[in-house]
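Student: Quick one: sequence and predicted model below, then my questions.
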Amino acid sequence: MPNVTVNVTVPERYESPRMKLDTSTDPQVGFRPPGELDLATALARYDGPFTRRDAAHLLRRAGFGGTAAEVDTWASFGANGAVDALLHPPQPDVAFDAYPDSTALFDPKTRNMTAQMWWLDRMLRTQHPLVEKMTLFWHGHFATSYRKVPANLMVGQIDLFRSQALGHFGQLLLAVSKDPAMLVWLDNRYNNKAHPNENYAREVMELFALGLGNYTEDDVKNAARAFTGWTLDKNQSFVFRANQHDDDPKTFLGRTGNFDGSDIVSIIISQPIHQRFICRKLLEFFVYSDPEPELVDALATTYALSGGDIAKTVGTILRSNVFYSARAYRALPKSPIEFVIGTLRFMNVRKVPKDTIAWLQRMGQEPLAPPSVKGWDGGPTWINTGTLLARFNYVNRVVKASPPATPAGAMVSAAPTVDLATYAAFTPDDVVREAGGMDSDRVLAAIVRDAIQDDLTSDVRQTMRDYLDSKNATLPTPLGPENYQDKIRGALALVLNLPSNQLN
Amino acid sequence: MASRRSFISKGLGVAVLGGTLPSFLRTAAFAQPLPALGSSVDPDNVLLVIQMGGGNDGLNTIVPYSDDAYHRVRPAIGIPEQSVIKIDDRIGLNPVMTGLDDLYKDGNVAIVQAVGYPNPNRSHFEATQIWETASPENPVSSGWLGRYLDRTVSPRDAADPSHIFTAVALGDTVPTALIAQHVDVPAIGALNAFAYNAGRDASSKTTAGVLYDGAKPGQSPYLSLLETTARNALHGGDELRAKIADYKPAIAYPKDAFSQQLQLAAQIVASRVGTRIIFVSIGSFDTHAGQRAQQDRLLGYLSQGLRAFYTDLAAHGLAQNVLAMTFSEFGRRVQQNASNGTDHGTAMPLFIVGGKVKGGVYGEHPSLTDLDQNGDLKYALDFRAAYATVLARWLGHDPSGIIAGTYDTVAFI
């Protein structure tokens, strides 16, 4: 972008049409946890004890969970040390292929799955989990799909999200406005002086930064004019074509000047409503559904004072009392990607099973394919009979490595079709070792401690004990040397399928 | 096949529509007054929505064989007059569609011509969203059938196991059309797959059922939703399998995947588990190259599958209770392209099939010379009018609140 001189006329007083967050279409409304918010202390730094339960909570929310040993390690850092390490990882990440295999990425038959598996692998193996988690957050926020955008551009967009995952929102929004995948997705590549295309100009306000009702149709028209000439060259790279750009003055959100797209981004992020818009979304992602408006306002102040610094804002959340409160604990349903990657990470699986994409489809969250420009609705929409069965059966498959992965028809397999040992480090022997023997009480204690941080009632614990003791089971004998492999895998699968493990 | 004709007993007026009159007489008026809602509608009516994914080429489905312009723009992929299954002196069916022709001759097929909407979208994804949300003007999350479900199934009923099969998506995922606020639509790829799959470990499933009954760690408002849903998931498939144990197909369905899914649809209808809506997909009709082979194969599946389906339903006394409606995200361009295919276009015909359908052709075939500013077919009927008709006259529900705007219903039911 060449520098453009801008003469901004700021009116003495400007009132946005409504300046109110529209939550009428948010399905998470109504799923706020019970209890009262203590606003005075909510965002203050949590200085209570940092247990391994707290560490597991932090890792689930700010990452994708981990093995029991990883939880122990993070617990030893203390709350602040752990958040510091998440925000500013002290070590470089593990080595990844910088880019998926080019041949596969341009083959129409394999390109989408190649890109998806490339990203899932990063989520699985990264040692910078918050960066990858924020990358997923931005993917849901700036929801773009391979159904319209070529896979190589999708990969480029994910790389952009990762590189600015914890940067400044204004810089990210400007970069997204020039991102080739976005220029294809919302048609700004066709936006020129002669034939303005308003698609991006509208969504940048409605979906990305302000929310419905906080701009007028005239604002959309004028923003579209400002983004004219922001297009793609023949190599699918961003280019500004001055001859397609509308150089006349525009009036946008109460200001008048010869604006270009950068000015539009600056004006948008200076709106107080933007601060609340983005902070509400972060709170719903990290803390709980339908956060109180007062909590949103409090975080918006932090965000505004930081100059739109995402790391500082997310850091405030992750260090806060409200984040470690009982109201926030297990208060959000896991998204399918959180559930799948969390399961694999807990099992110490080092390679994403190939059929995972098909399972994620059934669970309702295919990566790189959000259902619409609005992204995934999340919250209660993750939970229906089909998606829950997919979660259960995915766990059964990965933990027991026995039912085949084919979706249609095949229900029961007599023999394992996947050798767990080829891709998973978890073994029942580990559990026996941790338990110090094959006593069912101690085996169960090890499983529920490691897998769900003891989040189960005494009734459920008894049911699980009965399962291991074959009180109501068809497996012939109680836990013992000849059946512990099947029993422990079976028990772990049941525990991972518990309601508490559907919640983050 | 002997039973195929037995279910068709129609009034004289309907026979006229489906007979051999010239097309200008058979072109029924679109406008028709609404019936008194709920009065004349059978509460057991089932709607089967068939998605023809990828954008089906309407001109090689309903072929304007007597139009010189058709043969001019499609020198390689045009269907010659002698192979067309003639409907009248101007249009006919693709020659593979013998099954649908049988149903048509029996007066059980309405062909609704030139269906579309203003400012048509040519992106598969966006156009599919438009057809499934029935909201071209602004994106919404809910599907048009999802909104119907939300208005007809109370939140309390939605949580009850007896209502979990009110709507069923056949396949691995729930289509946008069935996305509702509080009604859960199961996606059933195969009956056996809609189950808790614990392999050899039968006790695992029993235990899972117990674990979800009353487990209450923490205080998340999501827990009761999880419990209800898990209970339905764990028991629902078993109930459905038990209920359809007596079903025997009256004929052998074709072996293709689509026809097999229609058999599952017939099983679900016959098992009477309260199902009102079934959604099934066939594709891909995205025939940019080598169109004839690919489209003909798929139209053959559609046509022969539907004949088997209605034959089977008739034998079970259910042909009058199921209305099938096709849709596709767009039709295709008028002219063939350089690779003997066609690119993304606009309007296309819909098929409405069923024992209570008033058979015939609705609307004129779109002109191949009077085109829109992009050189594409002009639409004559907004697809929301077809949806509104189905809602009002088949499902007995006022379309307002589900479909934005006001549309005259079409006389096909």
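Tutor: Looks like it arrived, so ask away. Residues are numbered from 1 along each chain as shown, chains lettered A, B, ... in the order given.
Student: So which residues of chain B form strands?
Tutor: B:46-52, B:62-63, B:85-86, B:92-93, B:109-116, B:167-170, B:187-188, B:277-282, B:322-327, B:348-354, B:360-362, B:381-382 (DSSP state E).
Student: Is it possible to get CSV of the ones you listed that adds mean pLDDT and distance to chain A?
Tutor: Using the backbone N, CA and C atoms, a C-beta is placed for each residue, glycine as well. As requested, the strands of chain B are arranged in CSV below (pLDDT from 0 to 100; distance: least, CB to the nearest CB, whole Å):
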stretch, mean pLDDT, distance to chain A
strand B:46-52, 98, 15
strand B:62-63, 98, 28
strand B:85-86, 98, 33
strand B:92-93, 98, 31
strand B:109-116, 98, 20
strand B:167-170, 95, 8
strand B:187-188, 88, 4
strand B:277-282, 97, 12
strand B:322-327, 98, 18
strand B:348-354, 98, 20
strand B:360-362, 97, 31
strand B:381-382, 96, 21
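Student: Counting neighbours, what do you get for the closest residue to residue B:300 other than its chain neighbours?
Tutor: Setting aside the residues directly before and after it, residue B:300 is nearest to residue B:96 in space (CB to CB, 6 or more residues apart in numbering or on different chains), at 4.1 Å. Close neighbours of residue B:96, defined as other CB atoms under 10 Å in any protein chain shown, add up to 22.
Student: Kindly check the end-to-end length of stretch A:190-209 for me.
Tutor: Stretch A:190-209 has its terminal residues 22 Å apart, counting by CA to CA, to the nearest Å.
Student: For residue B:16, give me the pLDDT.
Tutor: Reading off the confidence values, residue B:16 has pLDDT 31.
Student: same question, residue A:417
Tutor: Reported pLDDT for residue A:417: 38.
Student: Kindly report the same for residue B:36.
Tutor: 49.
Student: and residue A:239, which of the strands of chain B is closest to it?
Tutor: Residue A:239 lies closest to strand B:109-116 among the strands of chain B, at 34.8 Å (CB to CB).
Student: Please see if stretch A:204-211 touches chain B.
Tutor: No: using CB under 8 Å from any CB of the partner chain, we find that stretch A:204-211 stays clear of chain B, coming within 9.2 Å at best.
Student: who's in contact with that stretch?
Tutor: Applying CB atoms under 8 Å, 6 or more residues apart in numbering or on different chains, the contact partners of stretch A:204-211 are A:21-22, A:141-143, A:173, A:176-177, A:212, A:214-215, A:219-220, A:223, A:264-265, A:268-269, A:271, A:273-274, A:277-278, A:373-375.
Student: Next, the contact list for the closest residue to residue B:62 other than its chain neighbours, please.
Tutor: Spatial nearest neighbour of residue B:62, chain neighbours left out: residue B:349 (4.8 Å); criterion: CB to CB, 6+ apart. For residue B:349, the contacting residues are B:58, B:61, B:62, B:111, B:112, B:113, B:114, B:115, by CB under 8 Å, 6+ apart.
Student: Now the buried members of those.
Tutor: Applying 16 or more other CB atoms under 10 Å in any protein chain shown to the contacts of residue B:349, the neighbour count classes B:58, B:61, B:62, B:111, B:112, B:113, B:114, B:115 as buried.
Student: I figured the fourth one was touching residue B:62, is that so?
Tutor: Right, residue B:111. Yes: contact between residue B:111 and residue B:62 holds when scored by CB atoms under 8 Å: they sit 6.1 Å apart.
Student: Now for the two: what residues contact both?
Tutor: Counting by CB under 8 Å, 6+ apart, the residues touching both residue B:111 and residue B:62 are B:87, B:349.
Student: since we're on the closest residue to residue B:74 other than its chain neighbours, how many residues are nearby?
Tutor: Distances taken as CB to CB, 6+ apart place residue B:336 nearest to residue B:74, at 4.8 Å, with adjacent residues excluded. Using other CB under 10 Å, residue B:336 has 21 other residues around it.
Student: Surely residue B:336 is in contact with residue B:79?
Tutor: No: with contacts counted by CB under 8 Å, residue B:336 stays clear of residue B:79, the gap being 11.8 Å.
Student: buried ones in stretch A:147-165?
Tutor: A:147-158, A:160-162, A:164-165.
Student: excluding its backbone neighbours, what's nearest the closest residue to chain B within the stretch 51-200 of chain A?
Tutor: Taking CB to the nearest CB, chain B has its nearest neighbour within the stretch 51-200 of chain A at residue A:147, 3.9 Å off. In space, and not counting its chain neighbours, residue A:147 is closest to residue B:125: 3.9 Å by CB to CB, 6+ apart.
Student: Just give the number of residues close to that neighbour.
Tutor: Neighbours of residue B:125 (other CB under 10 Å): 19.
Student: Just confirm residue A:396 contacts residue B:208, I think it does.
Tutor: No: applying CB under 8 Å, one finds residue A:396 not in contact with residue B:208, separated by 9.4 Å.
Student: so where's chain A shaky on pLDDT?
Tutor: Under the criterion pLDDT under 70, the flagged ranges of chain A are A:1-19, A:98, A:401-425, A:472-476.
Student: Give me the domain ranges for it.
Tutor: A:336-414, A:428-502 (automatic domain parsing).
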